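Colleague: Quick one, fold the following:
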Amino acid sequence: MSPTCQGDWDCQRCPKAVDNAITHIIYKRGFHQTARKCEENFILFLLKGELLVNSLEYAGTMLNAGEFLLQAIGSKFEFLAMSEAECIYYHFTQPELFCNFRFDHIMNKVPSPLIYSPLKITEELQYFLEGTRSYLGEPKVCRELLTLKRKELAFILGHYYSDYDLASLVHPLSKYTSSFEYFILQNHKKVKTVEELAHLGGYTVSTLRRIFTNVFHEPVYEWMQARRKEGILDDLANSDYSISEICFKYGFESLPHFSNFCKKSFGVSPRNLRQQNVLGDAQTA
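Modeller: Here you go, the predicted model:
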């Protein structure tokens with residue numbers, strides 16, 4: 001008999017579990033998310049409170065409870081919580097919320113909004129979000145369930161919102177997904193060196209470095225190293241990967257090499273970094 005999901009199983013350790021693309025967050029009044037480049041597309045649904053949003057599309061826009069907006073990969077985004085704010089984020093990399101025909105129709109036949117305004121959360125979408133909040137609160141979620149929730153969200157947006165409404169989602173996606181920034185943000189985790197990244201994009205190394213510096217305003221090697229360090233810290237703090245698995249995931253040839261890198265970058269060994277996070281969690285529990 002094939003194994004089935006049991007109530008007493010730890011779903012966070014299941015082989016089918018993937019990082020949750022739908023997350024529930026509450027920001028305290030006065031929280032400021034400083035301006036940063038988005039490394040994924042996301043839709044921000046505001047359930048309660050007010051957020052003062054600032055981006056190219058939504059410059060100085062007040063996002064009120066019952067509204068949502070999209071920020072595309074590569075765009076710069078910041079906000080200030082004007083009151084306690086309850087949000088649901090939906091992260092994605094591909095414009096998978098639309099069928100190709102609908103996406104192309106909106107791109108070619110429906111003009112981009114002159115002024116971008118947040119969209120209202122319909123009653124049907126509200127039901128979806130409330131369900132999401134109630135049982136999708138874990139860091140990981142069953143891959144099959146997430147696939148179903150993606151399809152459900154796509155159906156709701158496609159069925160209850162007009163082409164004109166959806167234009168405020170489609171046009172920013174199209175703008176950024178064809179950019180150099182999108183290529184970098186989508187592919188930098190797939191390679192270990194600048195040379196590999198250049199080859200993947202069909203650039204010479206010198207051309208990649210020049211374009212990268214013009215777009216990101218810092219050298220590509222330093223940027224990739226910073227993202228590598230962030231990934232290592234995140235995996236040590238939040239994943240169930242063994243230290244050996246993390247070592248080889250990030251391209252280190254041996255555990256001593258990985259340990260030396262952590263000591264040089266963070267001041268302590270990877271084992272001590274993980275232990276510090278465990279102790280910190282226990283102290284705040």
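Colleague: Would you mind giving the domain segments of this structure?
Modeller: Residue ranges for the domains of the chain, per automatic domain parsing: 12-177, 180-284.
Colleague: Around K264, count how many other residues there are.
Modeller: 8 (other C-beta atoms under 10 Å). Quick note: C-beta positions are derived from backbone N, CA and C, even for glycine.
Colleague: Give me the helices and strands touching the helix or strand hosting it, please.
Modeller: Under the criterion of DSSP states H and E, K264 resides in helix 255-266. For helix 255-266, the packing partners by 3 or more C-beta pairs under 8 Å, 6 or more residues apart in numbering; DSSP states H and E come out as helix 220-238, helix 243-249, helix 270-284.
Colleague: Tell me where the stretch 151-285 of the chain is predicted with low confidence.
Modeller: By pLDDT under 70, the low-scoring segments of the stretch 151-285 of the chain are 176-178, 277-285.
Colleague: Contact partners for K28?
Modeller: Counting by C-beta atoms under 8 Å, 6 or more residues apart in numbering, K28 touches 81, 84.
Colleague: Once you drop chain neighbours, what's closest to P219?
Modeller: Residue nearest to P219 in three dimensions, not counting chain neighbours: T213, with 6.2 Å by C-beta to C-beta, 6 or more residues apart in numbering.
Colleague: Surely the one you found and W223 touch.
Modeller: No - using C-beta atoms under 8 Å, T213 is not in contact with W223, being 9.4 Å away.
Colleague: Just want to know which of those two has more residues nearby.
Modeller: For the pair T213 and W223, the greater number of neighbours falls to W223 (17 against 13), based on other C-beta under 10 Å.
Colleague: Phi first, then psi, for the closest residue to the more buried one other than its chain neighbours.
Modeller: Distance criterion C-beta to C-beta, 6+ apart; nearest residue to W223, sequence neighbours excluded, is F216 at 5.9 Å. Dihedral angles of F216 (phi, psi; degrees, to the nearest 10) stand at phi -100, psi -10.
Colleague: Could you give the number of residues near F216?
Modeller: Applying other C-beta under 10 Å, we find 15 residues neighbouring F216.
Colleague: Likewise for T193?
Modeller: 12.
Colleague: now it: how far from R228?
Modeller: 11 Å (C-beta to C-beta, to the nearest Å).
Colleague: returning to what we had before: in the helix holding K264, what counts as buried?
Modeller: In terms of neighbour count (16 or more other C-beta atoms under 10 Å), helix 255-266 has its buried residues at 258-259, 261-262, 266.
Colleague: surely the residue nearest to W223 meets M224?
Modeller: No - F216 is beyond contact range of M224, at 10.4 Å (criterion: C-beta under 8 Å).
Colleague: which residues does the closest residue to L255 other than its chain neighbours contact?
Modeller: Spatial nearest neighbour of L255, excluding adjacent residues (C-beta to C-beta, 6+ apart): C247 at 5.5 Å. Neighbour list for C247: 254-255, 257-258, 270 [criterion: C-beta under 8 Å, 6+ apart].
Colleague: wait, which of these is closest to P118?
Modeller: Using C-beta to C-beta, P270 is the member of those that lies nearest P118, at 42.7 Å.
Colleague: Could you say which helix or strand holds the residue nearest to P219?
Modeller: Here T213 is assigned to helix 205-216, by DSSP H and E.
Colleague: So which residues of the stretch 1-150 of the chain form strands?
Modeller: Under the criterion DSSP state E, counting those that start in this stretch, the stretch 1-150 of the chain contains strands at 17-19, 22-27, 32-37, 41-48, 50-55, 61-64, 67-71, 76-81, 85-92, 119-120, 140-142.
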